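Novice: sequence first, predicted model second:
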Amino acid sequence: MMQMNCSARVWATVLTCCLVVPALGVAVQNEAELQRFHKRRLAQFPAAQVFLEDPVEYFTAARRWLGDRAFPIIQATRFEKRFVFFALRGAPEPRITLGEDRHVFVNAGSNGDLFELLRATCLDAHRSGSARALQKALSRAGRVGRRRELRVDVVVVPTAGSLYGDKLPDSVPSRYRRACLQRTAGESALLDVKAPPGVGYAYPLREMLALRADEAFFPRGNWHPTGLSLKVARDTYLAAVGAEPPRAESLSLGEAPAELLLEYGIDQPEPVYFMRSPQVTEQPAAAAELRAALAPMFKGNRLDVRVFSNTDPVLAESTLMLSDSFGDLASGAFAPAFRTLIQVNTNYLLGNRATAVIDLLQQRDKIDRLLILVEEGNVGRVAGLLGK
């Protein structure tokens with residue numbers, strides 16, 4: 001009997017720990033990390049007034065609050081994702097598509113609107129209406145440049161779906177897969193867009209397709225291009241504005257984790273080229289100063305700024321790159337072309353106030369060139385950034 005009581009106490013203790021640890025672990029978890037994990041704002045704890053007015057809603061809200069923070073939700077979920085990927089060869093989430101030859105695609109920003117990214121990047125961006133809108137935006141770019149005495153260029157960067165449409169599985173809806181296959185065949189209305197005099201434009205689809213067979217060209221499992229793919233995009237742009245590629249730079253082959261899988265705790269190394277430009281120096285202090293000045297123009301003060309200086313530029317100019325997230329890596333690849341390059345990620349820019357960003361920076365220092373760089377799914381943003 002005594003033995004049974006001891007055994008019961010042990011199991012009771014274990015059960016208590018199992019129930020208490022998730023609650024106690026709330027205190028040691030990082031709220032910002034949890035928010036990134038859930039990809040949304042965390043549930044808030046209900047006010048005491050809610051209990052008086054609606055006790056059922058109070059406890060429902062409290063469960064939501066605990067569910068968002070229960071320990072170890074991140075570790076347990078990542079273990080599950082790794083098991084599904086490595087043991088079952090399944091995608092960690094429906095918004096991730098596993099393709100042929102170890103290619104990994106992100107088909108949507110969330111599981112609530114599957115394939116919306118493939119629709120935007122492979123289909124909508126290449127409609128004739130999108131091309132006409134971009135043509136008008138380039139004309140507007142010329143006017144913006146003349147008013148501010150700077151040159152304006154636009155670079156639209158192809159995405160993995162356009163470059164590797166033939167690697168998409170049959171599980172992708174046929175209309176999106178067909179659209180991606182058309183891009184992989186080198187067909188797009190964006191290729192017919194012509195820049196007016198004084199404006200540069202590049203959509204390097206065909207140039208990037210020519211090197212896509214290199215397994216490290218556009219790293220498998222990446223949403224953002226890097227290395228050789230960015231060099232090709234940059235050199236295509238430089239050719240469009242009549243400039244040569246930078247002289248002192250090198251590419252070395254290495255490995256890096258697949259970007260799209262890393263957020264699920266899956267470390268799958270993939271071949272990638274690393275670009276090195278000894279003449280270029282990043283200036284984090286200058287970037288921090290600019291970020292502080294620009295922050296009020298951005299939602300929640302959320303913005304990324306990078307600043308580079310260059311002792312051996314192709315173009316002896318100071319350039320402002322306004323971009324989406326593709327610019328966060330592309331800025332390092334484009335920096336060897338200019339004396340100075342300032343990159344500002346405009347994803348959270350309030351009201352697309354790009355002209356306000358330009359004006360503030362021109363007040364601080366001379367800007368010779370404005371370079372707008374976006375991925376193809378954001379081609380419609382170009383017009384918004386240039387204003388009316």
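Specialist: Perfect, thanks for sending it. Numbering: from 1, shown residues only.
Novice: stretch 304-322: which residues count as buried?
Specialist: 304-310, 313-315, 317-322 (16 or more other Cβ atoms under 10 Å). For the C-beta atoms, the positions are set from N, CA and C on the backbone; glycine is no exception.
Novice: list of residues touching stretch 377-387?
Specialist: With contact meaning Cβ atoms under 8 Å, 6 or more residues apart in numbering, stretch 377-387 is reached by 117, 120-121, 124-125, 130, 133-134, 136-137, 140-141, 144, 152, 154, 156, 159, 190, 322, 324, 346, 352, 354-355, 372, 374.
Novice: which of those residues fall in strands?
Specialist: The strands, defined by DSSP state E, take in 152, 154, 156, 322, 372, 374 from these.
Novice: check what pLDDT residue 195 gets.
Specialist: Residue 195 carries a pLDDT value of 92.
Novice: just to revisit the earlier point, residue 262: which of the ones in strands among the contacts of stretch 377-387 is nearest?
Specialist: residue 374 (23.5 Å; Cβ to Cβ).
Novice: about what we covered before: can you tell me which of the contacts of stretch 377-387 are buried?
Specialist: For these, buried by 16+ other Cβ under 10 Å: 117, 120-121, 124-125, 130, 133-134, 137, 140-141, 144, 152, 154, 156, 159, 190, 322, 324, 346, 354-355, 372, 374.
Novice: which of those fall in helices?
Specialist: Using DSSP state H, the subset of these located in helices is 117, 130, 133-134, 137, 140-141, 144, 354-355.
Novice: closest to residue 168 out of the residues you listed?
Specialist: residue 117 (12.2 Å).
Novice: wait, what's in contact with that closest one?
Specialist: Residue 117 neighbours (Cβ under 8 Å, 6+ apart): 106-109, 161, 377.
Novice: kindly recompute the last result at 6 Å.
Specialist: By Cβ atoms under 6 Å, 6 or more residues apart in numbering, the residues touching residue 117 are 107-108.
Novice: show the pLDDT at it.
Specialist: Looking at residue 117, the pLDDT reads 97.
Novice: apart from its chain neighbours, what residue comes closest to residue 91?
Specialist: residue 98 (5.2 Å; Cβ to Cβ, 6 or more residues apart in numbering).
Novice: to clarify, my last question referred to residue 115.
Specialist: Per Cβ to Cβ, 6+ apart, closest to residue 115 is residue 107, 4.7 Å.
Novice: so where's the chain uncertain?
Specialist: The chain contains residues with pLDDT under 70 at 1-40, 42-43, 45, 50-56, 58-88, 352, 387-388.
Novice: repeat that with 80
Specialist: 1-89, 352-353, 387-388 (pLDDT under 80).
Novice: most centrally placed residue in it?
Specialist: By Cα atoms, centre = their mean, the chain has its centre lying nearest to residue 325, at 4.1 Å.
Novice: backbone dihedrals for it, please?
Specialist: phi -70, psi -20 (degrees, to the nearest 10).
Novice: distance of it relative to residue 199?
Specialist: Taking Cβ to Cβ, to the nearest Å as the measure, residue 325 falls 24 Å from residue 199.
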